[in-house]
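Chemist: give me a 3D structure for the following:
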Amino acid sequence: MTEHLTVVDHPLVQHKLSIMRDKNTPTAVFRQLLREISQLLAYEVTRSLPLTTREIETPMQMMNAPTLDGKKLALVSILRAGNGLLDGVLELIPSARVGFVGLYRDEETLQPVEYYFKVPDGIEDRLVIAVDPMLATGNSSVAAIDRLKAAGAVNIRFLCLLAAPEGIARMKEAHPDVPIVTAAVDEKLNAMGYIVPGLGDAGDRMFGTK
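Modeler: Numbering: from 1, shown residues only. Here you go, the predicted model:
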């Protein structure tokens, strides 16, 4: 994966995303769809994982079979909304190590404030996939990637459900070496820093806190 931005335009991804955008979609359905769509996005973000071979015996004969190479990858959820993507990706890659970056957005300055950080050991040797449903202003995402790099991570990818042009530009400026995989690039941010047309606050809709 060399492109800075990959938009997954698969029909199933777009269909599920449209249902999630609908303000009348219930919390339980929203949560289930996020889990499903995250697996489809995970397929794309892991497309270029390195492979090696190991000798196995099938019921027919011996063969050199392709298997994942290197240390198990690390999934890092940008709390709290990132957990919705995390659950789905973990179903696809159950052996992955998991980390968390706790950030909240100051509603006046729109700047991220960190309150928690915990990542797996040996992160410098792992592919790190940071997950957060929304890439809006990009401030929280950039701060999370800053912390991951400070902890030693060098091979990072960013997975999100929706992205705004402003957030994409901010990430590219701050971390041009971090590819972004998303289901859609929306029109813009509004005055409150929310993605338009978007789907509202992903955390509130996922956890029913609105």
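Chemist: and the helices in the protein?
Modeler: 11-21, 27-45, 82-92, 139-150, 165-174, 202-207 (DSSP state H).
Chemist: and those, which one's lowest on average pLDDT?
Modeler: Of all the helices of the chain, helix 202-207 carries the lowest average pLDDT, namely a mean of 83.
Chemist: helices or strands next to that one in the packing?
Modeler: The contact analysis (3 or more Cβ pairs under 8 Å, 6 or more residues apart in numbering; DSSP states H and E) places helix 202-207 against helix 27-45, helix 82-92. For glycine as for every other residue, the C-beta is placed from the backbone atoms N, C-alpha and C.
Chemist: try 7 Å this time
Modeler: Helix 202-207 sits against helix 27-45, with contacts defined as 3 or more Cβ pairs under 7 Å, 6 or more residues apart in numbering; DSSP states H and E.
Chemist: who are the packing partners of the helix it packs on?
Modeler: Going by 3+ Cβ pairs under 7 Å, 6+ apart, helix 27-45 lies up against helix 11-21, helix 82-92, strand 155-159, strand 180-182, helix 202-207.
Chemist: show residues contacting stretch 155-163.
Modeler: With contacts defined as Cβ atoms under 7 Å, 6 or more residues apart in numbering, stretch 155-163 is touched by 37, 41, 45, 85, 127-135, 141, 145, 148, 171, 178-186, 195, 198-199, 202.
Chemist: alpha carbons only: can I get it in PDB?
Modeler: What follows is stretch 155-163, C-alpha atoms only, in PDB (Å, rounded to 0.1, in the frame of the first residue of the first chain):
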ATOM      1  CA  ASN A 155       4.800   1.200  10.200                       C
ATOM      2  CA  ILE A 156       1.300   2.700  10.700                       C
ATOM      3  CA  ARG A 157      -1.900   2.700   8.800                       C
ATOM      4  CA  PHE A 158      -5.100   4.600   9.600                       C
ATOM      5  CA  LEU A 159      -8.500   3.100   9.200                       C
ATOM      6  CA  CYS A 160     -11.700   5.200   9.400                       C
ATOM      7  CA  LEU A 161     -15.300   5.000   8.300                       C
ATOM      8  CA  LEU A 162     -15.700   8.600   7.100                       C
ATOM      9  CA  ALA A 163     -13.200  11.300   6.300                       C
END
